[in-house]
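A.B. asks: sequence first, predicted model second:
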Amino acid sequence: MILKVLSESSEPLGSITIARELESHGVHLSERTVRYHLRIADERGFTRPMGRGGRMITPHGLQELNSALATDQVGFIIERLTLLAFQTTFDPQRGTGQVGINTSLFPKDQFKKALRAMKKAFSSGLCVSDRVGVAAVGEKLGDMVVPEGKIGLATVGSATINGVLLKAGIPMDSRFGGILEVRNGAPMRFVAIINYAGTSLDPSAAYIKAKMTRVREAAVTGTGRVLANFREVPAPAKPLVESVLAQLKAAGIGGVVLVGEPSQPICQIPVGLNKVGIVLLGGMNPVAVAEEAGIEADNFCESGTADFESLVSFWDL
């Protein structure tokens with residue numbers, strides 16, 4: 001929890017501030033106890049003293065934060081998606097408000113190469129939006145602070161669609177993330193799935209690291225394997241869903257692959273009674289292309305929200 005508090009700050013924090021922040025998370029520790037744990041974190045390379053008793057989290061600390069307490073994180077992704085949907089305030093008619101984002105941290109010296117690689121995904125539409133955010137060392141993207149030696153890139157996530165539909169009164173059930181096989185530009189079937197409610201890992205980040213994607217091939221030839229998500233909505237809401245999705249597309253947020261028919265399978269996935277299946281592209285597909293080109297990044301899916309108006313067109317980079 002101490003590492004989590006530090007990861008969400010762009011400034012060094014002392015034990016007094018950390019203790020107060022921990023209380024807001026339901027963890028009650030004295031300042032002396034916090035200092036004791038900070039010394040241990042320093043010894044393990046998770047934190048770095050910055051003067052006047054302040055600490056900053058290190059890249060090694062971020063890795064530890066990502067790996068620790070795996071059993072406590074089962075179901076974390078579905079909870080995170082639900083939270084981001086609630087926090088999304090994007091108004092597609094005005095083009096303003098908060099959208100859910102994913103954050104990727106690239107090595108500074110490889111960022112331009114990564115951008116060149118990602119052009120294929122953005123130009124072919126294998127993304128949720130061509131709006132992105134860029135942050136330098138010490139700046140924040142969502143809940144993430146960019147560490148030394150890195151440049152942060154934020155991509156719009158499909159949780160934004162959940163949020164806009166929620167604000168329109170349409171509940172959306174996020175079932176799983178997976179790898180969608182595409183042939184000649186048409187979606188065929190899911191070849192791998194990870195249920196959100198039963199994992200401590202984000203499916204997109206896991207598939208990217210496992211090198212299971214073929215997003216560049218899909219962008220260039222129309223045949224490959226891309227990151228996608230599966231959602232369900234109540235069947236009576238389908239006309240309203242299609243109307244909202246059309247508004248989102250006009251506002252620059254797409255990523256919808258298919259909207260099914262009531263109670264009918266979609267991409268070989270069975271759908272519940274009186275439900276409609278929806279297949280959405282994963283927001284991390286452009287990053288997957290960079291990873292396929294050998295440019296590794298630290299990826300944090302569902303990393304928070306950003307003001308849509310603060311994002312820039314990828315092509316302006």
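C.D. replies: Looks like it arrived, so ask away.
A.B. asks: from now on I want contacts and neighbour counts done on CA atoms only, so please keep to that.
C.D. replies: Noted.
A.B. asks: what is the least confident helix or strand in this protein?
C.D. replies: Lowest mean confidence among the helices and strands of the chain (mean pLDDT, DSSP states H and E): helix 59-67, at a mean of 80.
A.B. asks: what residues does that helix touch?
C.D. replies: The contact list for helix 59-67 (Cα atoms under 8 Å, 6 or more residues apart in numbering) reads Leu3, Lys4, Ser7, Gly45, Phe46, Thr47, Pro147, Glu148.
A.B. asks: run a quick neighbour tally on the closest residue to Gln264 other than its chain neighbours.
C.D. replies: The shortest distance from Gln264 to any residue other than its chain neighbours is 5.9 Å, reached at Val271 (Cα to Cα, 6 or more residues apart in numbering). Neighbour count of Val271, defined by other Cα atoms under 10 Å: 20.
A.B. asks: now do the contacts for Val271.
C.D. replies: Glu232, Ser263, Gln264, Pro265, Gly277.
A.B. asks: next up, the contacts around the second one.
C.D. replies: Residues in contact with Ser263, defined by Cα under 8 Å, 6+ apart, are Ala235, Pro270, Val271, Gly272, Leu273, Asn274, Lys275, Val276, Gly277.
A.B. asks: farthest pair in the contacts of helix 59-67?
C.D. replies: Across the contacts of helix 59-67, no pair lies farther apart than Lys4 and Glu148, at 17.4 Å, counting by Cα to Cα.
A.B. asks: looking at the two, which is more packed in?
C.D. replies: Lys4 (16 against 13).
A.B. asks: next, the buried residues of the least confident helix or strand of the chain.
C.D. replies: Neighbour counts over helix 59-67 (16 or more other Cα atoms under 10 Å) mark Pro59, Gly61, Leu62, Leu65 as buried.
A.B. asks: try stretch 46-53
C.D. replies: Quick answer for stretch 46-53 (16+ other Cα under 10 Å): Phe46, Thr47, Arg48, Pro49.
A.B. asks: do stretch 28-40 as well
C.D. replies: Glu31, Val34, Arg35, Leu38.
A.B. asks: and the second one, that one's in a strand?
C.D. replies: So the one you mean is Val34. No: under DSSP: H, G, I helix; E, B strand; the rest coil, Val34 falls outside any strand and is assigned helix.
A.B. asks: that one - nearest residue in space that isn't next to it in sequence?
C.D. replies: Nearest non-adjacent residue to Val34, counting by Cα to Cα, 6+ apart: Ser15, 5.8 Å away.
A.B. asks: any idea how far Glu139 is from the one you found?
C.D. replies: When distance is defined by Cα to Cα, to the nearest Å, Ser15 is 22 Å away from Glu139.
A.B. asks: what of Asn195?
C.D. replies: Note on Asn195: its distance to Glu139, by Cα to Cα, is 33 Å.
A.B. asks: residue boundaries of the strands in this protein?
C.D. replies: Taking DSSP state E as the criterion, the chain carries its strands at 47-49, 55-57, 98-107, 131-135, 140-141, 144-145, 150-156, 173-183, 186-195, 224-234, 256-259, 275-281, 298-307, 312-313.
A.B. asks: what ranges in the stretch 51-200 of the chain fall below the confidence cut-off?
C.D. replies: For the stretch 51-200 of the chain, the stretches with pLDDT under 70 are 67-76, 200.
A.B. asks: let's see it at 90
C.D. replies: 51-54, 59-83, 138, 140, 142-148, 196-200 (pLDDT under 90).
A.B. asks: just to revisit the earlier point, and the strands of the chain as JSON lines, adding distance to Leu201?
C.D. replies: Shown next, in JSON lines, are the strands of the chain (distance: least, Cα to Cα, whole Å):
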{"stretch": "strand 47-49", "distance to Leu201": "24"}
{"stretch": "strand 55-57", "distance to Leu201": "21"}
{"stretch": "strand 98-107", "distance to Leu201": "14"}
{"stretch": "strand 131-135", "distance to Leu201": "23"}
{"stretch": "strand 140-141", "distance to Leu201": "20"}
{"stretch": "strand 144-145", "distance to Leu201": "17"}
{"stretch": "strand 150-156", "distance to Leu201": "19"}
{"stretch": "strand 173-183", "distance to Leu201": "11"}
{"stretch": "strand 186-195", "distance to Leu201": "9"}
{"stretch": "strand 224-234", "distance to Leu201": "14"}
{"stretch": "strand 256-259", "distance to Leu201": "23"}
{"stretch": "strand 275-281", "distance to Leu201": "18"}
{"stretch": "strand 298-307", "distance to Leu201": "10"}
{"stretch": "strand 312-313", "distance to Leu201": "29"}
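A.B. asks: if anything else comes up later, I'll come back, but that's it for now.
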